[in-house]
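> have a look; sequence and predicted model below, questions after that.
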Amino acid sequence: MFRGTIEGGICVGRIEDFVPETEKRYFVLSGKPFAALADEEIPEIVSECAKRIGSHFFSVDVIAHRDGSKWVVEIGDGQVSDIFGWTAERFAQL
């Protein structure tokens with residue numbers, strides 16, 4: 001809603017059964033994905049994003065579904081991505 005009216009259309013979505021405490025942020029730099037911990041395994045879905053998206057730098061947020069699958073819930077251009085789950089030192093290593 002903007003100025004009391006709907007602008008740009010309506011988006012209808014479906015509610016999924018995610019496990020909220022499992023959301024993690026990964027960063028991709030020059031096609032290589034990185035996790036908050038140096039020895040942490042990168043989910044295949046993040047590696048696939050790294051291959052397919054041509055941006056030099058971006059974030060990928062992944063969450064577990066109750067059925068065990070992993071879903072990408074957001075891809076950001078890095079401009080407003082905070083480093084939740086990361087230390088400043090680890091982020092600087094990128």
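Right, received. Where do you want to start?

> closest to the centroid, which residue in the protein?
Of all residues in the chain, the one closest to the mean position by C-alpha atoms, centre = their mean is residue 61, 1.8 Å from it.

> what sits opposite that one in the beta ladder?
residue 25, residue 74 (DSSP bridges).

> check contacts around it.
Neighbouring residues of residue 61 by C-beta atoms under 8 Å, 6 or more residues apart in numbering: 23-26, 72-76. Heads up, the C-betas are built off the backbone N, CA and C, glycines and all.

> mind listing the strands for this protein?
Under the criterion DSSP state E, strands of the chain are mapped to 24-29, 32-34, 57-64, 70-76.

> packing partners for the second one?
With contacts defined as 3 or more C-beta pairs under 8 Å, 6 or more residues apart in numbering; DSSP states H and E, the secondary structure elements packing on strand 32-34 are strand 24-29, helix 44-52.

> where does the prediction get shaky in the protein?
The model of the chain has pLDDT under 70 over residues 1-6, 80-81.

> could you rerun that using 80?
Low-confidence segments of the chain, defined by pLDDT under 80: 1-11, 78-82.

> so of the helices and strands packed on strand 32-34, which one's packed in deepest?
Comparing the helices and strands packed on strand 32-34 on average neighbours per residue, with mean count of other C-beta atoms under 10 Å, the densest one is strand 24-29 at a mean of 20.

> give the other helices and strands that that one contacts.
So strand 24-29, by 3+ C-beta pairs under 8 Å, 6+ apart, packs with strand 32-34, helix 44-52, strand 57-64.

> circling back to that earlier point, export the helices and strands packed on strand 32-34 to JSON lines and append columns for distance to residue 13.
What follows is the helices and strands packed on strand 32-34, written out as JSON lines (distance: least, C-beta to C-beta, whole Å):
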{"stretch": "strand 24-29", "distance to residue 13": "21"}
{"stretch": "helix 44-52", "distance to residue 13": "19"}
